[in-house]
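J.: can you look at this prediction? I've put the sequence above it.
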Amino acid sequence: MTPTSPQDNTLSVVSKKWDTDNKGFLTEEERTLRNLDVEGTGALTSKQLASFAEQYGALRKENKQIKRGLVGLAVLALLFFVGTVVASIVAAQASRDTATDPKTGVMLASGTNSPVSVN
């Protein structure tokens, strides 16, 4: 048995019209145009092209909204990252200002050894 190549694929008569480079297969773009050719003529009418242009415009608009959403999520992630770093720094500084009594477990203010209280 010999390995099959793209040339060995059998295309329909209409699909062969859309195979612009005679490769024996349709690229994704050629398949998209072939699917728009609902009449099977091997060409697109102005009505079919208008439908394609409308779909293309809707997809561009949707892609633009998705990009905006991704940028918003990236900004939000950056803010969370900065907030985490700041919270870590504040916690590290606070831990230097306190100590724990090993016998009682009470938090003591560093230097004064008096219990920390919250007013």
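T.: Cool, the structure landed.
J.: show me where this structure has its helices.
T.: Using DSSP state H, the helices of the chain run over residues 13-18, 28-36, 46-96.
J.: between these, which gets nearest to Ser110?
T.: helix 46-96 (7.0 Å; Cβ to Cβ). Bear in mind the C-beta positions are built from the backbone N, C-alpha and C, glycine included.
J.: quick one: mean pLDDT over the closest one.
T.: Averaging pLDDT along helix 46-96 gives 93.
J.: just want the angle from that helix to helix 28-36.
T.: 130 degrees (axes from the mean of the first three to the mean of the last three Cα atoms, to 10 degrees).
J.: tell me which residue lies nearest the centroid of the chain.
T.: Closest to where the C-alpha atoms of the chain average out (Cα atoms, centre = their mean) is Leu70, at 6.9 Å.
J.: wait, what's in contact with Arg96?
T.: Ser110 (Cβ atoms under 8 Å, 6 or more residues apart in numbering).
J.: any figure for the gap between it and Thr112?
T.: Separation of Arg96 from Thr112 (Cβ to Cβ, to the nearest Å): 14 Å.
J.: same question for Asp21.
T.: From Asp21 to Thr112 the distance is 84 Å (Cβ to Cβ).
J.: in this structure Val14 contacts Asn35, no?
T.: No: between Val14 and Asn35 there is no contact under Cβ atoms under 8 Å: 10.8 Å.
J.: ok, for Ser51, nearest residue in space, not its chain neighbours?
T.: Spatial nearest neighbour of Ser51, chain neighbours left out: Leu36 (7.1 Å); criterion: Cβ to Cβ, 6 or more residues apart in numbering.
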